[in-house]
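Q: Have a look; sequence and predicted model below, questions after that.
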Amino acid sequence: MHFPGQGQQTPQNQTLFQTFEWHTKSDKPSHNESHSPGSHYARLARLTPSLAGLGLTMFWLPPGCKANEPSGNGNGYDHYDYWDLGEFDQKCRRNTKWGSKEELGDLVRQLKGNGVEGIWDAVLNHKTAGDTTMECWAVEVDGEDRRVETSAPKKITPWIVYNHDNRNGAYSPMKWRAEHFSGTDWDQRAEKHAIYKIIDDPANFPKPGQEHPDLFKKGMHRISRFLSGKKSDTKSTIAMKRPGKDWAEDVDDLHGNADYLMFSDIDHKHPAVREDLFRWADWMIQENGLDGFRLDAAAHFSYGFARDWIARAHEASRAKRGRDAFIVGEVWTGKVAKITRWLDTVGQGAYAYDAPLVSDFSRVSKDVVAGSPNADLRTIMRSSLLKERPQSAVTLVTNHDTQPGQAAATPIDVRLKSLFYAFILLRAEGLPCVFWGDMYGTRGKQASPPACLTSGNRSLLPDLVFARRMFAYGQQTDYFDAQSVVGWTRAGTHDRPGCAVVLSVGPYNKWSTKKMQVGRPGEIWVDVLSDPRQRVEVQIDQTGSAGFHCLGWSPAVYVRKDVPGVERFPVQFSLDVYQQ
């Protein structure tokens, strides 16, 4: 048999690992210390060799810049200072929730020593908890349509001055002021919460009513709507762009314009902001050893800026490592067209999370648990980015935002998670991401154990990750020809074996069979997920086919019985992560 690319070594499959959940425990170093064995960075450094051996090749690290909340409850998304990675005494502490800058350096060195890439969670959308207030011009906007102004221009005093005095200009001299932001959510003078759009001094621009006098007379001007005391009906009025400073236009259309998300919204059009964030990308890659970035809230800041910033990150990465940085954007929406719009704008090989696929998993899960006749595995990626743009999709089952208790919680029955993980890990399309909370369990008020547990309290997730590393190679042939049982085969390559995978949502714990062609008559294939004391076996018939068996609500992964690596299943893996 001839394999494409024969003579060249087949590279190992890439697998992304999200290294945290929303309630991850981290005993960061005390105020004047640089190291703590209980910090999350230190824990990850200890875990790296075993996780790399399992087949996890990229670690999505948490947002580790200095943040506001001393308890760490914001997990770093309450971003304060880009240039403080746990080094300076700011916000009542030196270290971040996750550890110190020194511990981050130790972790990065451990990652590189084990062939793992470090992917930084970059919060480029906003800052919070400024050092002091300053006066600036602003208007309030409608919460449901951010294009609609609901107040006259007025002066507010937000906490929007960032001097970073204790950093004393180290790494970056920039001091942030109102002109570096486009919006905020608090006026200290009025002691009022609202969405404020920061604007230029109205005296420097045409007065209200002069830009569109015909609309003003008809009661459709933004100021006349405010004076009338009526909330704008955006279906019948025209959302008019304010002269001068305004929201970015090249963002998602959620709430009319999705530029504002939370806290103090960064204005990525400002030259000083652009230069500082470009230099930060250089610094993170060239000085701190990161290999790529997750762009948090990518739908909420300028797509054009994201494109330019990614280009700068690639340039820095090529200078440092000889290849582009890894980039994945969070455009969390159920509409694939919105995700592909971002991908098409930024280009340059960027990925995006497949949020619609998570919704598909949730839909199938609900139907299966309810016993609905609509439960159909053939529709498992009906709405997905994986279907439309497989080369750009980072596939996942759960993350820190969709886990139970979070605002975007997406219910997926834990008994079906092994099936969905088999789907993302063992197919040819997409780059799969494994969630810390599914690997080790979650903490918090809605704590949950590790996912994919068998009746013997063994997790199948490490086995599935290792099966991807060992066996998920070669041409894929699908057998999506039955509602409750689907399968596919991977043909292998000249130097790596293939596999046959079956997923069943038939009656719970009852056997189903999927006949598939693997082309190797007479061979014995075994399900590596089954009990090693009584492996489920099938023999390939003279036509090269076999009926591959699978229990309901489960996956099965078959490989040739004598292929190297079978003896390593089940994988020896400790789930008690906080004791390691």
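A: The structure has been received and is ready for your questions. Residues are numbered from 1 along each chain as shown.
Q: From here on, just use CA atoms for contacts and neighbour counts.
A: Will do.
Q: Give the burial count for residue 106, as a bare number.
A: 14 (other CA atoms under 10 Å).
Q: element containing it, please.
A: Assigned by DSSP states H and E, residue 106 belongs to helix 101-113.
Q: Could you export that helix as PDB, CA atoms only?
A: C-alpha atoms of helix 101-113 as PDB (Å, rounded to 0.1, in the frame of the first residue of the first chain):
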ATOM      1  CA  LYS A 101       6.900  36.300  37.000                       C
ATOM      2  CA  GLU A 102       9.800  34.100  38.200                       C
ATOM      3  CA  GLU A 103       7.400  31.100  38.400                       C
ATOM      4  CA  LEU A 104       6.100  31.900  34.900                       C
ATOM      5  CA  GLY A 105       9.700  31.800  33.600                       C
ATOM      6  CA  ASP A 106      10.200  28.400  35.300                       C
ATOM      7  CA  LEU A 107       7.000  27.100  33.700                       C
ATOM      8  CA  VAL A 108       8.000  28.300  30.200                       C
ATOM      9  CA  ARG A 109      11.400  26.700  30.500                       C
ATOM     10  CA  GLN A 110       9.700  23.400  31.500                       C
ATOM     11  CA  LEU A 111       7.300  23.700  28.600                       C
ATOM     12  CA  LYS A 112      10.100  24.100  26.100                       C
ATOM     13  CA  GLY A 113      12.000  21.300  27.600                       C
END
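Q: Check whether residue 313 really touches residue 325, as I assumed.
A: Yes - here residue 313 reaches residue 325: they are 6.4 Å apart, a contact under CA atoms under 8 Å.
Q: In the stretch 201-350 of the chain, where is pLDDT below threshold?
A: Low-confidence segments of the stretch 201-350 of the chain (pLDDT under 70): 206-240.
Q: Show me the helices in it, by range?
A: With helices called from DSSP state H, counting those that start in this stretch, the stretch 201-350 of the chain shows them at 213-217, 222-228, 271-286, 303-321, 336-346.
Q: Could you dump these into a markdown table with mean neighbour count and distance to residue 578 added?
A: Listed next are the helices of the stretch 201-350 of the chain as a markdown table, based on neighbours: other CA atoms under 10 Å; distance: least, CA to CA, whole Å:
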| stretch | mean neighbour count | distance to residue 578 |
| --- | --- | --- |
| helix 213-217 | 14 | 63 |
| helix 222-228 | 18 | 55 |
| helix 271-286 | 18 | 28 |
| helix 303-321 | 20 | 34 |
| helix 336-346 | 19 | 36 |
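Q: quick one: which of these is nearest residue 529?
A: When the helices of the stretch 201-350 of the chain are compared by CA to CA, helix 336-346 sits nearest residue 529, at 33.4 Å.
Q: Poorly predicted segments of this protein, please.
A: 1-7, 206-240.
Q: coming back round to it: could you dump the helices of the stretch 201-350 of the chain to TSV with distance to residue 531?
A: Output for these, formatted as TSV (distance: least, CA to CA, whole Å):
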stretch	distance to residue 531
helix 213-217	74
helix 222-228	69
helix 271-286	44
helix 303-321	43
helix 336-346	40
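Q: Minimum distance to residue 39: which of these has it?
A: Using CA to CA, the nearest of the helices of the stretch 201-350 of the chain to residue 39 is helix 271-286, at 20.8 Å.
Q: chain center to the closest one, what's the gap?
A: 22 Å (CA atoms, centre = their mean, to the nearest Å).
Q: now swap in stretch 484-500 and tell me
A: 28 Å.
Q: what's the answer for stretch 159-168, then?
A: Worked out by CA atoms, centre = their mean, stretch 159-168 lies 29 Å from the chain centre.
Q: Flag every buried residue along that stretch.
A: 159, 160, 161, 162, 163, 164, 167 (16 or more other CA atoms under 10 Å).
Q: I'd like these as TSV, with secondary structure and distance to residue 296 appended.
A: Shown next, in TSV, are these (DSSP: H, G, I helix; E, B strand; the rest coil; distance: CA to CA, whole Å):
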residue	secondary structure	distance to residue 296
159	strand	23
160	strand	21
161	strand	23
162	strand	21
163	coil	24
164	coil	23
167	helix	25
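Q: So what touches stretch 510-517?
A: With CA atoms under 8 Å, 6 or more residues apart in numbering as the test, stretch 510-517 has contacts from 479, 485-489, 502, 504, 506, 543-552.
Q: Show residues contacting stretch 57-68.
A: 14-20, 74-86, 90-91, 95-98, 115-123, 128-129, 294.
Q: now, which of these lie within strands?
A: 16-18, 79-81, 117-122, 294 (DSSP state E).
Q: Mind checking which of these are buried?
A: 16-18, 79-81, 117-122, 294.
Q: Could I get those in CSV, plus columns for distance to residue 365?
A: Below are these laid out as CSV (distance: CA to CA, whole Å):
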residue, distance to residue 365
16, 24
17, 23
18, 23
79, 35
80, 39
81, 41
117, 33
118, 32
119, 30
120, 31
121, 29
122, 32
294, 28
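Q: Could you break this structure into its assigned domains?
A: Residue ranges for the domains of the chain, per automatic domain parsing: 132-266, 475-568.
Q: and the ones you listed as TSV, adding distance to residue 44?
A: Shown next, in TSV, are the domains of the chain (distance: least, CA to CA, whole Å):
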stretch	distance to residue 44
domain 132-266	26
domain 475-568	24
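Q: quick one, which of those domains is packed in tightest?
A: Ranked by mean neighbour count, the domains of the chain are led by domain 475-568 with a mean of 19 (mean count of other CA atoms under 10 Å).
Q: Between the two ends of it, how far is it?
A: 24 Å (CA to CA, to the nearest Å).
Q: Centre of the chain to that domain, how far?
A: Centroid separation for domain 475-568 versus its chain: 31 Å, with CA atoms, centre = their mean.
Q: residues near the closest residue in space to residue 20 that isn't next to it in sequence, how many?
A: Distances taken as CA to CA, 6 or more residues apart in numbering put residue 436 closest to residue 20, at 5.3 Å, once the chain neighbours are dropped. Neighbour count for residue 436, taken as other CA under 10 Å: 21.
Q: Residue 436 contacts residue 19, doesn't it?
A: Yes - if you go by CA under 8 Å, residue 436 and residue 19 touch, sitting 5.3 Å apart.
Q: who touches stretch 324-335?
A: 119, 291-299, 310, 313-315, 317-318, 338-339, 342, 349-353, 355-356, 359, 383, 394.
Q: Export it to PDB, keeping only CA atoms.
A: Extracted in PDB, the C-alpha atoms of stretch 324-335 (Å, rounded to 0.1, in the frame of the first residue of the first chain):
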ATOM      1  CA  ASP A 324       4.500  32.100  12.900                       C
ATOM      2  CA  ALA A 325       2.800  32.500  16.300                       C
ATOM      3  CA  PHE A 326      -0.200  30.400  17.100                       C
ATOM      4  CA  ILE A 327      -3.300  32.600  17.300                       C
ATOM      5  CA  VAL A 328      -6.900  31.700  18.300                       C
ATOM      6  CA  GLY A 329      -9.700  34.200  18.600                       C
ATOM      7  CA  GLU A 330     -12.700  34.000  20.900                       C
ATOM      8  CA  VAL A 331     -15.700  35.100  18.800                       C
ATOM      9  CA  TRP A 332     -18.300  33.400  21.000                       C
ATOM     10  CA  THR A 333     -21.400  33.200  18.900                       C
ATOM     11  CA  GLY A 334     -23.700  30.500  17.600                       C
ATOM     12  CA  LYS A 335     -23.500  32.000  14.100                       C
END
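Q: Distance from it to the middle of the chain?
A: 7 Å.
Q: So what angle separates the directions of the helix holding residue 106 and strand 117-122?
A: 140 degrees (axes from the mean of the first three to the mean of the last three CA atoms, to 10 degrees).
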